[in-house]
Every structure is written in C-alpha cells, then in structure tokens.
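Undergrad: pasting the sequence and the predicted coordinates here, then a few questions.
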Amino acid sequence: MKLTRRDFSRLGSMAALASALPAAKAQNHSSSQRKFGWCIVGLGRISMGHFMPGVDVSRTGKLTALVSGHHEKASRQAAMYNLPGGAIYDYTEFDEIARNPAIDGVYIALPNSMHAEYTIRAAKAGKHVLCEKPMATSVEDCRKMIEACQKHNVRLMIAYRCQYNTLHLKAMHLIRSGQIGKVQGIESAFGFNIQPTFVLDGVRLPEWRLDRKLSGGGPLLDVGIYALNASRYLTAEEPVEIRGYSSVIDQDGRFKQIEENDAWNMRFPSGALSSCSTTYGANGMNFFRVYGSKGTIEMNPAFSYDGMHLKAQLANGQRIDEPEVRRDPVDFTTQADYFAHCVWNREEPKTDGQEGLRDMMLMSQIYTSAGMKAL
Ligand code: NAD
C-alpha cells in the first residue's frame, strides 16, 4: 500500500499515543513527580459528566481548579473532588489563573463561540490548553488561537476523543496495513434529535446549540464534525473536492437560526469518496463504514461515549466482531493523560490546533457550497 507523508505522520502519532500512557504513568510513579493540574473551564454536560470523572481516575492528572459562573455548583463539584480552597474562579477572575502554580493546563468546555477567547486568555496566562471540538466558530479564530499558543509557548490540543479510542485506532491500523485493500468509499453519519431545553444540575436551561451566536452553526459543527474528522483519519488524506447540502424540515421554532440537516460528499486524492450526513432532527445516526477493494470495516455505534462496536471483513477472510469492553470515561482519561504526556515531553499533540483548523476550513466549504455563510 502506498503511504502518503500524512500516513507516516499519523502512524508516528499512533505510535506516540501507544507509548504515551506507559510513559506518563511511569512519570507518575516517581514520588517526586507531581500530577498534571487541570483547571476546568465551564461546568456543563461534557465536563461534569465525562471529563472530570476521567481526570479523577487518571494516574497522571488531577483536578486543581474550576471556572464557573455558578458558585454553588462549583463549590459542590470542588467538594466532590476534594479541591483545595481558592480553587474556584468565576469568569471575571479568569486571568488570575496565571498566579496559580497548581494549574498546568485548562480544559475548555464552553459553548463553541467562547473557545477562542478562553484559549487565548489561557495562553496569555501561561497555561496549556485542551479545547473541546469544534475548535472555534470561524477559521480566523482558529488561526488566532494557534498564534496565541505559539506566542506564549503553550501546547494546544483539540479534544477529538475518537482519535484516542482503541477501536478507532484499530480501524485506522487495519486500513493502513492494507487489510481491506484500497479504500474506495466511506459513509459516515452522526446526529440526534435536539430538544429546545435541557436540565443541568437540576435547572432547566435553553439549549445554546440552537443559538447561532453561541454555537456558530448547526449540527455540522457539533456532531457532523465527527463524520468529517473520521473520513480524514480513516483515509489519512485531505479532501480535494467537497460539496455540501443543508435543509430545515421541522418548522417548530428550533431552527430559526441554524440548519437542521447537512450532507456532504468529499473526494480524496487517492480517488476514495466519502458521503457524510448529520442532523438535529432524528436519532440513530451514529456510524461509519469503510468499503475497501478487499474488505470492509463498520463501526456502529461509532461516536458514542460508550459501547462502540467494530465489525470487519478482512482480505484474508478473517471476520472481526468486537464490541467495546472499556467504558466511559476511559477515552477522557486517555485524552487527558496523552495531553499531559505531550506537555511534559514537549511533543505536538496529534490533534493539535492545525487539526482543528483543517476541519473548520472544510466545514466552511461545506456551508458555502450549501449556500450558507462561510465560517
Ligand atoms: P453545556 O451547556 O452542558 O455546558 C456549557 C458550560 O458553559 C456550562 O457550564 C455553562 O454554564 C457555561 N457557559 C458559560 N457561559 C455560557 C453562556 N453564555 N451560555 C451558555 N453556557 C455558558 O455544554 P456541553 O454539551 O458540555 O458542550 C460544551 C462544549 O463541549 C461544546 O463545545 C461541545 O461541542 C463540546 N462537547 C464535546 C463532546 C465530546 O464528546 N468531545 C461532547 C459534548 C460536548
């Protein structure tokens, strides 16, 4: 199988990831090595439900600070994780994290349009940044985030958790090692039926995902990005042609500011074609399929927090049927440990700012192709 430069860099990254955990754990075993101190920015569904429990069981990291606009909620979380006094900041005090040596890095789990501001402020405070996907809501903001992190000499990683999941890594390995022949086509989709409100910590709140100022767009930025990113890491190629479509079907008030559905097709340099879709109007869209000249790989579900399921039919006749055995929050622990490893070893994370920027540029192309405003 012919490998591109990008293949090699990805394979290198995979090897780095494979070696990251033992290395990080080994450092943690030394009693003189302190743990990587995490400051959580935004106490919402992903941070409280997944990332914080992930760090809590990490052997290389620990929670050291919280940034929240809700003091009571933050105090409860701080007590739950035995955080030290003075560990809670509100958004107006954010820049004071610079003076807290217990904070090595921040995890940004805010609405999409706030990622750029808090990444840049964290970089100025000298803190490394793990930022949730989508990286931001515009190409320009992504560039500013990369620049700020470079200028202040801090690492920037985008939290593409699937790229750290064992089954996704296995699918990449099967493809790279030629076990399904040449990739001809990929199909992938991720979406859900969004509700106008949600309950967080006992309080019913409006869903910011439906507010363009906070979300930057519809399901493409939120969940379609998983299918887009998967098409890129499965092929290890960058698309050379891309066409997008969008629609709103439900006139029930949810889609006044954003689209409900997106679909897009991509052509890669090898000739592989990818067909993807996303929705905020239906449940059950959560898979990828890779069709090779000598076999197939399917993951369904593919992008959940838990219970992913890989099936493959390989060129040598072997069948794989592998449901995930590891459970949430393992991928979040892996991600946090890998980031700490990158910081400690001065390595560029495999899902760095450039990776987030590439997706943002492609999503912008999908939007313009579908007749919407560029990002
Ligand atoms: P959420 O609404 O549950 O949490 C957002 C947090 O931001 C809340 O604590 C909220 O109080 C705070 N916030 C601060 N200013 C706000 C404002 N002006 N409006 C609304 N909230 C404000 O959101 P979430 O689902 O946790 O998503 C947060 C980020 O994480 C998003 O960028 C999302 O794309 C990403 N995410 C990633 C994954 C993943 O698997 N990697 C999963 C879900 C969400």
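TA: Arrived safely. Just so it is clear, the model here is predicted, and its values are computed rather than measured. Residues are numbered from 1 along each chain as shown.

Undergrad: point out where the stretch 101-250 of the chain drops to low pLDDT.
TA: Across the stretch 101-250 of the chain, nothing is flagged by pLDDT under 70.

Undergrad: indicate the residue of it located nearest to the ligand.
TA: When scored by C-beta to the nearest ligand atom, the stretch 101-250 of the chain has residue 132 as its residue closest to the ligand, at 3.6 Å. No exception for glycine: its C-beta is placed from N, CA and C like everyone else's.

Undergrad: that residue: neighbouring residues, count only.
TA: Using other C-beta atoms under 10 Å, residue 132 has 23 neighbouring residues.

Undergrad: would you agree it is in contact with residue 44?
TA: No - counting by C-beta atoms under 8 Å, residue 132 stays clear of residue 44, with 9.9 Å between them.

Undergrad: who touches both of those two?
TA: Common neighbours of residue 132 and residue 44 (criterion: C-beta atoms under 8 Å, 6 or more residues apart in numbering): 109, 110.

Undergrad: re the thing from before, and the residue of the stretch 101-250 of the chain closest to the ligand, how far from residue 291?
TA: With distances taken as C-beta to C-beta, to the nearest Å, residue 132 is found 31 Å from residue 291.

Undergrad: next: residue 38.
TA: Per C-beta to C-beta, residue 38 is found 40 Å from residue 291.

Undergrad: so which residues of the stretch 1-150 of the chain form helices?
TA: Under the criterion DSSP state H, counting those that start in this stretch, helices of the stretch 1-150 of the chain are mapped to 5-29, 45-46, 52-56, 71-80, 115-124, 139-151.

Undergrad: how about the residue in the stretch 1-150 of the chain that the ligand sits nearest to, what does it touch?
TA: Going by C-beta to the nearest ligand atom, the ligand is nearest to residue 44 of the stretch 1-150 of the chain, at 1.8 Å. Applying C-beta under 8 Å, 6+ apart, we find residue 44 in contact with 109, 110, 200.

Undergrad: now those as CSV including distance to the ligand?
TA: Formatted as CSV, the contacts of residue 44 follow (distance: C-beta to the nearest ligand atom, whole Å):
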residue, distance to the ligand
109, 5
110, 4
200, 6
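
Undergrad: for PyMOL, write the selection for the buried entries among the residues you listed.
TA: One line in PyMOL is enough to select the buried ones among these; burial here means 16 or more other C-beta atoms under 10 Å:
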select buried, resi 109+110
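
Undergrad: from the contacts of residue 44, pick the one nearest residue 214.
TA: Using C-beta to C-beta, residue 110 comes nearest to residue 214 of those, at 8.9 Å.

Undergrad: burial count for the residue lying closest to that closest one once chain neighbours are set aside?
TA: Spatially, and ignoring its direct neighbours in sequence, residue 110 is nearest to residue 42 (4.1 Å; C-beta to C-beta, 6 or more residues apart in numbering). Neighbourhood size, residue 42 [other C-beta under 10 Å]: 23.

Undergrad: ok, residue 152 next?
TA: 16.

Undergrad: nearest residue to residue 107 in space, please, no chain neighbours.
TA: Spatial nearest neighbour of residue 107, excluding adjacent residues (C-beta to C-beta, 6+ apart): residue 130 at 4.9 Å.

Undergrad: what does residue 131 give?
TA: Spatial nearest neighbour of residue 131, chain neighbours left out: residue 108 (4.4 Å); criterion: C-beta to C-beta, 6+ apart.

Undergrad: tell me the contacts of the one you found?
TA: 41, 42, 114, 115, 118, 119, 122, 129, 130, 131, 132.

Undergrad: who's in contact with residue 239?
TA: Residues in contact with residue 239, defined by C-beta under 8 Å, 6+ apart, are 231, 232, 266, 267, 268, 274, 362.

Undergrad: picking that back up, which of the contacts of residue 44 fall in strands?
TA: The members of the contacts of residue 44 that map onto strands under DSSP state E are residue 200.

Undergrad: any idea how far residue 83 lies from residue 97?
TA: Relative to residue 97, residue 83 is positioned 14 Å away (C-beta to C-beta).

Undergrad: next: residue 262.
TA: From residue 262 across to residue 97, the span is 36 Å (C-beta to C-beta).

Undergrad: please apply the same query to residue 320.
TA: Going from residue 320 to residue 97 by C-beta to C-beta gives 45 Å.

Undergrad: point out the residues in the chain that sit beside the ligand.
TA: Counting by C-beta under 6 Å from any ligand atom, the chain comes close to the ligand at 42-46, 69, 109-112, 132-133, 159, 161, 200, 208, 214, 222.

Undergrad: tell me the contacts of residue 369?
TA: Neighbouring residues of residue 369 by C-beta under 8 Å, 6+ apart: 242, 243, 244, 245, 264.

Undergrad: quick check: it vs the ligand, distance?
TA: Note on residue 369: its distance to the ligand, by C-beta to the nearest ligand atom, to the nearest Å, is 23 Å.

Undergrad: buried subset of the contacts of residue 239?
TA: Counted by 16+ other C-beta under 10 Å, the contacts of residue 239 give 231, 232, 266, 268, 274, 362 as buried.
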